[in-house]
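J.: Just the structure for this:
(2 chains)
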Amino acid sequence: MAAKKKLRSKKAAERGTNAAIYVVLVVISIIWLFPFFYLVLQSLRGEQGLATMYFWPKQWTFDNYIKLFTDTSIFNFPKWYGITLVISVVVTVVQTAIVLVTSYALSRLRFKMRKPLMNLMLVLGMFPGFMSMTAIYFLLKLVGLTQTFGLVGLVLVYVGSSCMGYYICKGFFDTIPKSLDEAARIDGASRHTVFIKVVLPLSKPIIIYTVLTSFLAPWGEYMFASLMAFGDQDYYNVAVGLKEMLNRETASEYFTRFCAASVIVSVPITVLFFWLQRYYVEGVTGGSVKG
Amino acid sequence: MTYPISELEYLKLNGWQKFGYKMTGFFKNLPTAFKNFFTKTIPALAIRFWLMIKGWFMTIGAAAKHGDWKTRMSFVFMGSSQLGRKQIMRGLLYLFFEVVFFAYLIFFGWQYLGLLGTLGTKVSGEYYNPDKDIYEYVQGDNSLLILLYGLLTVFFIVAFVYVWYQNVKTGYAAQQIAEAKQKLPTAKDDVRSLADEQYHRTLLSMPLLGLSIFTIFPIIFMILVAFTNYDDAHLPPANLFTWIGFDNFSTVLGGGISGNAKFGSTFGRILLWTVVWAFFATFSNYILGMIVAIIINKKGIKLKKLWRTILIMTIAVPQFVSLLLMSQMLADHGAINNILKSWGWIDQSIPFLTNGNLAKVTIIVVNIWIGIPYTMLMCTGILMNIPEDLFESARMDGAGPVKAFFKITLPYMLHITAPYLITQFIGNLNNFNVIFLLTGGNPIDPDMATGAGETDLLITWLYKLIMQNQKYGVAAVISIFMFIITAVVSLIVYNRSSAVKNEEDFM
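T.: Residues are numbered from 1 along each chain as shown, chains lettered A, B, ... in the order given. Modelled structure (predicted):
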């Protein structure tokens, strides 16, 4: 009888903790979702101005979205969007190729300079990337790859050092059993054939991870994009452009439009991210514990 | 705790003590590690380098002594040894490289190489031309171009020396193969070998070319700029800049004055805040993210997937969007202040981003909002791997969930994810986006040099120094210091991650 009572009280305590946890989770969810909810609300607000004293908009409208694409005289949002999209696609293709190739070479091939090369990349990674950007900027400027051809320059900058991000991908290749390679090599396959026919088909998760991360990165990149455009509106990416919208002079007039633009930028990326989320999680967790 | 202790004693320690023991060990070993770096690593590298150079000269000497006329001719006309032995493709490639190199050097590189010592002497301006008796505008030297092209030429020369050596070596080797009456590899063999034995060359040539142009070259350029007076007062093409030795270093570390504020104290303050920020940003995310992961993972909690998905929203939405939005919401007349006012909770706006100290707190809190989901994702998988019986026995001994967290979960996680933690720390030291998009480094403090603000990190200060103040020399020095800081922290990564690799001793 006493034991039963104890069990029941234990169960009640358990239920109490769970209830408390649910409360915490709901509070957390509200905190996490509130800014995004607010963003959508503001993008549908008809009244202009930075912030209102009330929460719900008094006038509901889609004007902010429509004007983004029709009124492009001051802020050319469609162009920024196009630029960012093009950059993302090109960067994704080239960067994925470079990362895969570097990781394979460092994981599977054995050559004299392998260790020194990995150490070199480790040391190079410790320099603040931004400082070298001034040198790159002048270098590209001399060749004429800023502003007008800034797109090309920006792609080169993003892609140029991408082989240094080989860690996670190499970690994945390391886990593919070497016996597969050896079996293929005994059958007379060259190392190139092994890479294309044996290793790559087994690497779908890491390829998707690399594609996803390299596609997402240019969307939020501010530092280099602003440097390469150097104040010329026509060559902004969305991050630089949207920050420009919130300038002191234009902020109050364009805040609602900024919100609309943010929604347009975020929705496709968010959808893509959730669609491929599994691979992202695998990449992050796989890379973090190996060290 | 005394140091070192025996293996048996070590095994008796609990997770916390093991972690502490290793950290003590790390800091105790740090001086020795530094000493070893200078007394062992560098000499060892120097000896290896010396042996390599010696090997080169021996090969060249042997080729000069025993080589036939084809091999000897390749000393001047690269590729002739190969061409003479019907390795047409190799030979032509060497010859082509030589022609391109000398064309570059003669028509372009030479002039800049000569001026590298002074970085130019002729200032642009109007000069009197006695022949025509008029003043003319004369284009002077451009120090920046001289430095850039001069360095580029040095790069090319180094590459040329290497290729030239390869040319002599392989040419002599080809001669030896021919003398031994063996078959020389044909162009077809070479191509096939590039897909097999030499496959690493095929794969790595493009990535390494990119690395040289976009990382190595700029870094060396930056290190050189640190020793010049390249700033807003010496801006090419109107003005020249020149070598000034270690002056920039003493400016940053000591009494350099800019406006009415000292560089040294500004650097010190920003460095301090950078470290404080990195510490709090890393650990607050780590601990809180873990707790969130634990409560979502708890048995009996339903809708696990929904909770996780909600949190992951902050990863999925581009960071600049959420940061810009946050900066607007937290502004003095932003949404949060307005809502609080309309509820009657406050009369005056809370200066979330405009009061120095409060802004620092706000940044860390916003960073928690951004960072928790990452930690949660990473922890979820690992948490499930903690053996359940550890918790079971802890419960038997009467430990509550809090105690279990500090005695089991946290030590276990620290043990497994130390490398992640430290890469996070380094990432936060250089976290440009959060600071720049949230506060822009503001509020500005008049006591600090060059418009630095109270929330500026070294990296955002660097951005301001370059983009607004054009103090390139000083900025280069600061990035060298940042490199040193990162390198020291990375030493810990190596130490710790090798510990993780070698020891499975937690259980």
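J.: Buried residues of the lengthiest helix in chain B, list them for me.
T.: Assignment by DSSP state H gives helix B:143-179 as the longest helix of chain B. Buried residues in helix B:143-179, counting neighbours by 16 or more other CB atoms under 10 Å in any protein chain shown, are found at B:143-153, B:155-156, B:160, B:163-164, B:167-172, B:174-175, B:178. Every C-beta, even on glycine, is put in place using the N, C-alpha and C of the backbone.
J.: Now do the same for B:E136: helix, strand or coil?
T.: strand (DSSP: H, G, I helix; E, B strand; the rest coil).
J.: give me the beta-bridge partners of it?
T.: Applying DSSP bridges to B:E136 gives these bridge partners: B:Y127.
J.: doesn't B:P130 make contact with it?
T.: No. Judged on CB atoms under 8 Å, B:E136 makes no contact with B:P130 at a distance of 10.8 Å.
J.: When the two are compared, which one has more neighbours?
T.: Between B:E136 and B:P130, counted using other CB atoms under 10 Å in any protein chain shown, the more crowded position is B:E136 (10 against 7).
J.: what number of residues lie near B:A33?
T.: 14.
J.: in what helix or strand does it lie?
T.: Secondary structure from DSSP states H and E places B:A33 in helix B:15-36.
J.: Quick check: which of the buried residues of helix B:143-179 are also close to chain A?
T.: Counting by CB under 8 Å from any CB of the partner chain, B:144-145, B:148 from the buried residues of helix B:143-179 sit close to chain A.
J.: where are the low-confidence patches of the stretch 151-291 of chain A?
T.: A:248, A:285-291 (pLDDT under 70).
J.: repeat that for 90
T.: A:151-182, A:185, A:187-191, A:197-198, A:202-206, A:209, A:213, A:216-258, A:267-291 (pLDDT under 90).
J.: Show me where chain A has its helices.
T.: A:2-43, A:63-70, A:77-108, A:114-124, A:129-143, A:150-160, A:167-175, A:178-186, A:191-193, A:204-220, A:223-229, A:238-245, A:251-275, A:277-290.
J.: Now tabulate those in CSV and tack on distance to chain B and mean neighbour count.
T.: Compiled in CSV, the helices of chain A are given as follows (distance: least, CB to the nearest CB, whole Å; neighbours: other CB atoms under 10 Å in any protein chain shown):
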stretch, distance to chain B, mean neighbour count
helix A:2-43, 5, 13
helix A:63-70, 14, 16
helix A:77-108, 4, 20
helix A:114-124, 5, 15
helix A:129-143, 3, 21
helix A:150-160, 3, 22
helix A:167-175, 9, 19
helix A:178-186, 9, 12
helix A:191-193, 4, 18
helix A:204-220, 4, 20
helix A:223-229, 6, 23
helix A:238-245, 4, 24
helix A:251-275, 4, 19
helix A:277-290, 4, 18
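J.: Can I get these in JSON lines including distance to B:N229?
T.: What follows is the helices of chain A, written out as JSON lines (distance: least, CB to CB, whole Å):
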{"stretch": "helix A:2-43", "distance to B:N229": "46"}
{"stretch": "helix A:63-70", "distance to B:N229": "47"}
{"stretch": "helix A:77-108", "distance to B:N229": "36"}
{"stretch": "helix A:114-124", "distance to B:N229": "27"}
{"stretch": "helix A:129-143", "distance to B:N229": "16"}
{"stretch": "helix A:150-160", "distance to B:N229": "27"}
{"stretch": "helix A:167-175", "distance to B:N229": "39"}
{"stretch": "helix A:178-186", "distance to B:N229": "55"}
{"stretch": "helix A:191-193", "distance to B:N229": "51"}
{"stretch": "helix A:204-220", "distance to B:N229": "36"}
{"stretch": "helix A:223-229", "distance to B:N229": "23"}
{"stretch": "helix A:238-245", "distance to B:N229": "31"}
{"stretch": "helix A:251-275", "distance to B:N229": "39"}
{"stretch": "helix A:277-290", "distance to B:N229": "43"}
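J.: Go through those helices and name the closest to B:K464.
T.: When the helices of chain A are compared by CB to CB, helix A:129-143 sits nearest B:K464, at 11.3 Å.
J.: now the angle from that closest one to helix A:150-160?
T.: Angle, helix A:129-143 to helix A:150-160, by axes from the mean of the first three to the mean of the last three CA atoms, to 10 degrees: 140 degrees.
J.: what does helix A:129-143 contact?
T.: A:146, A:153, A:156-157, A:160-161, A:223-224, A:227-228, B:144-145, B:148, B:213-215, B:217-219, B:221-222, B:225, B:430, B:432, B:459, B:462-463, B:466, B:472, B:475-476, B:479 (CB atoms under 8 Å, 6 or more residues apart in numbering or on different chains).
J.: you'd agree B:N367 is up against B:I435?
T.: No. Contact criterion CB under 8 Å: B:N367 and B:I435 do not qualify, at 9.4 Å.
J.: And those two? Which one has more around it.
T.: B:I435 (26 against 22).
J.: For B:T121, give me its contacts.
T.: B:115, B:141, B:240.
J.: So which elements touch the helix holding B:A33?
T.: helix B:410-429, helix B:472-502 (3 or more CB pairs under 8 Å, 6 or more residues apart in numbering or on different chains; DSSP states H and E).
J.: State the mean pLDDT of it.
T.: Mean per-residue pLDDT for helix B:15-36: 72.
J.: Centre of the chain to that helix, how far?
T.: 24 Å (CA atoms, centre = their mean, to the nearest Å).
J.: Where do the helices of the stretch 201-350 of chain B begin and end?
T.: Taking DSSP state H, counting those that start in this stretch to define them, one finds helices in the stretch 201-350 of chain B at B:217-225, B:247-253, B:263-297, B:304-316, B:319-329, B:335-342.
J.: any bit of the shortest one sitting next to chain A?
T.: No. With CB under 8 Å from any CB as the measure, helix B:247-253 is seen stopping short of chain A, the closest distance being 13.2 Å.
J.: ok so, going back, can you put the contacts of B:T121 in TSV and add neighbour count, pLDDT and distance to A:L124?
T.: TSV is the format used below for the contacts of B:T121 (neighbours: other CB atoms under 10 Å in any protein chain shown; pLDDT from 0 to 100; distance: CB to CB, whole Å):
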residue	neighbour count	pLDDT	distance to A:L124
B:L115	19	85	29
B:D141	19	82	31
B:L240	23	84	31
